[in-house]
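Student: The following comprises the amino acid sequence and a computationally predicted model.
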Amino acid sequence: MSEVANCPTCGSKSKVKVKGGTTTYQVVQDIEAFKKIGQLKRAMEKYKTKAEQFEKELEELKKTKQHELP
């Protein structure tokens with residue numbers, strides 16, 4: 001991901017690029033931000049679902065193991 005900081009000139013959220021010792025700031029467009037936020041939300045939901053499945057599977061394995069112990 002790009003580095004994001006406040007622009008010293010206008011104070012807006014901007015992508016920071018350093019090239020040849022010169023720092024440039026490019027305003028982050030709302031559309032770009034919303035796309036990134038959407039991507040992150042989908043990824044988080046995907047991993048949350050997987051984590052819940054693994055927790056259920058772990059509980060089942062624990063129960064099975066307890067029943068097998070003498």
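Tutor: Arrived safely, thanks for sending.
Student: Could you give the number of residues near residue 14?
Tutor: 20 (other Cβ atoms under 10 Å). All C-beta spots, glycine's among them, are computed from the backbone N, C-alpha and C.
Student: same check, this time on residue 36
Tutor: 14.
Student: Can you give me the distance of it to residue 16?
Tutor: The gap separating residue 36 from residue 16 is 16 Å, by Cβ to Cβ, to the nearest Å.
Student: Repeat that for residue 48.
Tutor: Taken as Cβ to Cβ, the span from residue 48 to residue 16 is 31 Å.
Student: do residue 29 as well
Tutor: 15 Å.
Student: neighbour count winner among these two?
Tutor: Ranked by neighbour count (other Cβ under 10 Å), residue 29 and residue 16 place residue 16 first, with 14 against 11.
Student: Identify the bridge partners of that one.
Tutor: Beta-bridge partners for residue 16, by DSSP bridges, are residue 25.
Student: list the contacts for it?
Tutor: Going by Cβ atoms under 8 Å, 6 or more residues apart in numbering, residue 16 touches 2, 3, 4, 5, 23, 24, 25.
Student: quick one: pLDDT of it?
Tutor: We have a pLDDT of 88 for residue 16.
Student: what do you get for residue 58?
Tutor: Reported pLDDT for residue 58: 94.
Student: how about the strands of this protein, start to end?
Tutor: 4-6, 13-19, 22-27 (DSSP state E).
Student: related to what we said a few turns ago, drop anything exposed from the contacts of residue 16.
Tutor: Using 16 or more other Cβ atoms under 10 Å as the burial test, the contacts of residue 16 include residue 25 as buried.
Student: Reformat the contacts of residue 16 as TSV; add distance to residue 60 and pLDDT.
Tutor: As requested, the contacts of residue 16 are arranged in TSV below (distance: Cβ to Cβ, whole Å; pLDDT from 0 to 100):
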residue	distance to residue 60	pLDDT
2	43	63
3	44	80
4	43	79
5	47	83
23	54	88
24	55	89
25	53	87
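Student: lowest-pLDDT helix or strand in this structure?
Tutor: strand 4-6 (a mean of 82; mean pLDDT, DSSP states H and E).
Student: Name the strands paired with that strand and say parallel or antiparallel.
Tutor: For strand 4-6, pairing defined by DSSP bridges yields strand 13-19 (antiparallel).
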